[in-house]
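S.K.: With the sequence up front, the predicted model follows.
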Amino acid sequence: MDIKLNNDDIQINDSQYYTIIDSGTTISYFPKSLYSQIEKLINIYCSQIDKCLGDMYNDSIGMCFKVKPKVTEKKFIESLPEFTFLFEKGVKYQWKPENYIYNNTENDKKLNFCIGISSWGSNEILLGTTWMHNHDIIFDNVNRRIGLVSSSCDMSYSSKKDNSSEDEETTTTSPTKPVENQDTKCEPNYDFYVTIILMLSILIVMLFVILILACFRIRRGQNFLWMRLQNEENGSGLEHKNTGNSNNRIEMNINKNMQGIKSKNDFRNI
C-alpha cells in the first residue's frame, strides 16, 4: 500500500507495517514514524498561501485548527490537503478533508476542527470510521476481500454557518467530534429490563411448581409407608389369633379322644 498527501509520497515499508480496516475504531491511527511524516507534510502544505485557512495547534488526539476570521467552513475545508491510498491491483481511495476532519467547536465562537488521525506505538496502520466517511465499506469475510464504494452517507453532522460572511453559500459539513470525546446520554434499554423480569418470573413459577411436586411426592411416600406399617401390624395380629385357635382346637380334640377312651374302658368294665 502507498499513501500520498496531495503529490507528496509518504514512505511506507510494507515489510514493517501492515494495515487493518476497523469499523469499531472512531479515528485512524498511524505508527509514530508515519505520523511524523504526515505531520511534517501537512505543515509544509499549510505554510503555502491560501492553504489551511486556520491556526494550527495540537489537541490531545492530534493536529487541530482554529478557523481564521471571515473564513467559512466550506472554504476552510477546501483549503486542506487530500490523502490518496493506493492498494494492490491499482485500487485508489481518495480520503478527502470533509471526511477526515471533525468539528471540535465547543464554547469558543471560532470554528475548531481536528484531523481524525493520531499516532500510537504499534506497527499497525489502523483505519477507523474517519477513514470510512461517505463510503460504503463491504467486508467480504468469505473471500477475504473489502469493497470500497463512494456514497453520500447520512451521518450526524454539526453544520455551522459563519455569520460574518455575506455570501449565501452552502456550507460543507464535517463530522462531529469522535464519540470518545463526547458526553453522550445513554437511553435506558427497557426491552432488556422487561426480558430480565419475564425470565425471573418464569423461573419463580418453575421453582414453585417443583416445590409443590416435591411436597406431593413426600406426602404420598409418607402415606404409603403408614399403610404398609398398618398392614404389617394387622397381619401379625391375625397370625397370633390363628395360632391361638389352632392350639385350642388341638386341645379340644385331645380332650374328646380322652373322653372316648374313658367311656370305652368303662363299658368293658361293665
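M.R.: Yep, it's here.

S.K.: got a list of what residue 127 touches?
M.R.: Contacts for residue 127 (CB atoms under 8 Å, 6 or more residues apart in numbering) come out as 19-22, 28. No exception for glycine: its C-beta is placed from N, CA and C like everyone else's.

S.K.: What separation do you get for it and residue 191?
M.R.: 34 Å (CB to CB, to the nearest Å).

S.K.: Would you mind putting the contacts of residue 127 into CSV with neighbour count and secondary structure alongside?
M.R.: As requested, the contacts of residue 127 are exported to CSV (neighbours: other CB atoms under 10 Å; DSSP: H, G, I helix; E, B strand; the rest coil):
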residue, neighbour count, secondary structure
19, 14, strand
20, 12, strand
21, 16, strand
22, 15, coil
28, 23, strand
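
S.K.: Pipe these into CSV and attach pLDDT and distance to residue 227 per row.
M.R.: CSV is the format used below for the contacts of residue 127 (pLDDT from 0 to 100; distance: CB to CB, whole Å):
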residue, pLDDT, distance to residue 227
19, 86, 82
20, 87, 76
21, 88, 77
22, 88, 74
28, 91, 82
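
S.K.: from the residues you listed, which single one is nearest residue 60?
M.R.: residue 28 (15.8 Å; CB to CB).

S.K.: Verify the contact between the closest one and residue 130 for me.
M.R.: Yes. Assessed by CB atoms under 8 Å, residue 28 is found in contact with residue 130 at 5.4 Å.

S.K.: what residues are shared contacts of the two?
M.R.: Common contact partners of residue 28 and residue 130 (CB under 8 Å, 6+ apart): 100, 116-117.

S.K.: Tabulate those in TSV, adding columns for neighbour count.
M.R.: Listed next are the shared contacts of residue 28 and residue 130 as TSV, based on neighbours: other CB atoms under 10 Å:
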residue	neighbour count
100	22
116	25
117	26
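
S.K.: Among those residues, name the ones in strands.
M.R.: residue 117 (DSSP state E).

S.K.: Closest to residue 151 out of the shared contacts of residue 28 and residue 130?
M.R.: Of all the shared contacts of residue 28 and residue 130, residue 151 sits closest to residue 100, with 16.1 Å by CB to CB.

S.K.: Return the per-residue confidence for residue 79.
M.R.: Per-residue pLDDT puts residue 79 at 93.

S.K.: pLDDT of stretch 194-212, averaged?
M.R.: According to the model, stretch 194-212 has a mean pLDDT of 91.
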